[in-house]
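> have a look at this prediction, sequence included:
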Amino acid sequence: MFVETILLTALFVTFCAMLLVGFHISYTLFGVSILFTVIAMISDQYFDTATGLDFFYFGIVVKRIYSVMTNWILIAGTLFIFMGFMLEKSGIAERLLTSTQELFGNVRGGMAITVALIGTLLAASTGIVGASVVLLGVLSLPIMIKQGYSKELATGTVAASGCLGIIIPPSIMLVFMADQLNLPAGDLFMGAFIPGLMLAALYVIYILGFSFLRPEAAPLAEDRQPVGFKTLFRVLLDAVPILALMFLVLGSIIAGIATVTEASGVGALSAMILAAFYRKLNLPMLKEALYGTFNTMGYIFCIIIGATVFAFVVRALGGDEIIEEALTSLPFSDNGIILFVIVCVFLLGFFLDWIEITFIVLPLLVPVIGAMDLAISGYGVVDKPVLVWFTILVAVTLQTSFLTPPVGYALFYMRGISPPGVAMKDIYKGIIPFVILQLIAIYLVFQWPALATWLPAYVYG
């Protein structure tokens, strides 16, 4: 086992080094896998080892790739992405932002609260972080800066609120996690619902507290109008399309009427109908949405296939046993091991995004976590409650990867859409409180697992 440990360590070191040099993640996964297959063959031939890894054995990976490419659950990811692009271009968010801004116009920090609430609704309907951050930023940042908002509060609110889509269902990340870990997507959707809404609530509480303590950083608009029944009615009217879409997609899954894949098709068709209703649906817009969908899924599928090959080589070198032995030999309890893993995932999020961590790291950890005898209740309904809880913990942790430098994608989106006068240091300073809030949310889910397991048990029970 000593040789396998050395080879496995060298494989991970080479993988990290190639990423730091700047090689694309997909090419790195393929290249490192083939390189260490050759090294294992040489080791078996000349150093009397027995890894058993050669190109004949490596051929098994073709069947695994075929099973990945024919997996129906992955169609749901494609359709949810398309649904997100269609909603982003339909103008629904712009209408809702305008009316909600009037509703909270007399509350200090009202515009930032509006952004957080719209971000939550977009998260429950689009799930595309890039589109949400850009859309919220383009619509609200110039208004907040002109109104006199602190640059840190404005940029941090937009970046963090736009990232809620990665955790609040129907989340694309949860669809792929369910596939990788062989868990019911419905359990993960329901399990993430409370932590996602809790995180949004923490954002609103922070904005209110910050605005109270520093009123000059979140001034009231000079042209604010008194709130009446007409304003409230318009907000409800503008929110109806998004709420109806949520009901169609999540309601059909919860009620058992449709699978996740079928519900994603309903969502995609409904998004097209909404775009047509608001007279935004045309051939150029449809072409742009399809191009965005294909571009995103092409990137994801390249990583899925590369990660499948990489995981195959890792397992052929005894990676499962080595990682399990390394984790169980730590001087921690089971909860301590999970906390250690979460810290590692958080640190990996500084350099990798959720796609790489979901497809490369998470499957290697599941055998260890699944074997733990933790007193976590699924209330007799949730299948594998420990894994559901752990997956939601990882999902909330991975949300921080969008906000942490050097590869936090939300930071790059914000830099690209920020008006003149907003520097990168303002964005960095702005996201710090929201990363701390995300860490608080992680702690709460870790401390009270029922936050992730109660709702699926209640819904499906």
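Yep, that arrived.

> where along the stretch 251-400 of the chain do the helices fall?
260-277, 283-316, 319-328, 334-348, 354-356, 362-370, 385-399 (DSSP state H, counting those that start in this stretch).

> before we move on, what about the stretch 101-250 of the chain?
110-123, 129-147, 151-162, 172-181, 185-213, 229-254.

> so how far is the first residue of stretch 156-171 from its last?
Chord length of stretch 156-171, first to last residue, is 22 Å (C-alpha to C-alpha, to the nearest Å).

> in that stretch, what's buried?
Buried residues in stretch 156-171, counted by 16 or more other C-beta atoms under 10 Å: 156-171. C-beta here means a position set from N, CA and C on the backbone, and glycine is covered the same way.

> one step back: closest to Gly416 out of the helices of the stretch 251-400 of the chain?
Nearest to Gly416, of all the helices of the stretch 251-400 of the chain, is helix 283-316, at 15.8 Å by C-beta to C-beta.

> pick the most deeply packed of the helices of the stretch 251-400 of the chain.
helix 385-399 (a mean of 26; mean count of other C-beta atoms under 10 Å).

> next helix or strand past that one?
Scanning forward in sequence from helix 385-399 by DSSP states H and E, the next helix or strand is helix 409-417.

> neighbouring contacts of that next one?
Here helix 409-417 makes contact (C-beta atoms under 8 Å, 6 or more residues apart in numbering) with 129-130, 133-134, 137-138, 141, 155, 158-160, 162-163, 353, 402-403, 405, 424, 427-428, 431.

> only the buried subset of these, as a ChimeraX command please.
Provided next is the ChimeraX selection string for whichever of the contacts of helix 409-417 are buried by 16+ other C-beta under 10 Å:
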select :129,130,133,134,137,141,155,158,159,160,162,163,353,402,403,427,428,431
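
> low pLDDT regions in the protein?
In the prediction, the chain carries residues with pLDDT under 70 at positions 1, 46-52, 57-58, 125-128, 130-131, 223-225, 227-228, 377-381, 407, 461.

> name the residue closest to the centre of it, please.
Centroid-nearest residue in the chain: Ile166, 2.9 Å away (criterion: C-alpha atoms, centre = their mean).

> that residue against Ala124, yeah?
No - the criterion here is C-beta atoms under 8 Å, and Ile166 misses it with Ala124 at 12.0 Å.

> that older thread, pipe the helices of the stretch 251-400 of the chain into a markdown table and attach distance to Ile75 per row.
Shown next, in a markdown table, are those (distance: least, C-beta to C-beta, whole Å):
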| stretch | distance to Ile75 |
| --- | --- |
| helix 260-277 | 5 |
| helix 283-316 | 10 |
| helix 319-328 | 29 |
| helix 334-348 | 27 |
| helix 354-356 | 17 |
| helix 362-370 | 21 |
| helix 385-399 | 21 |
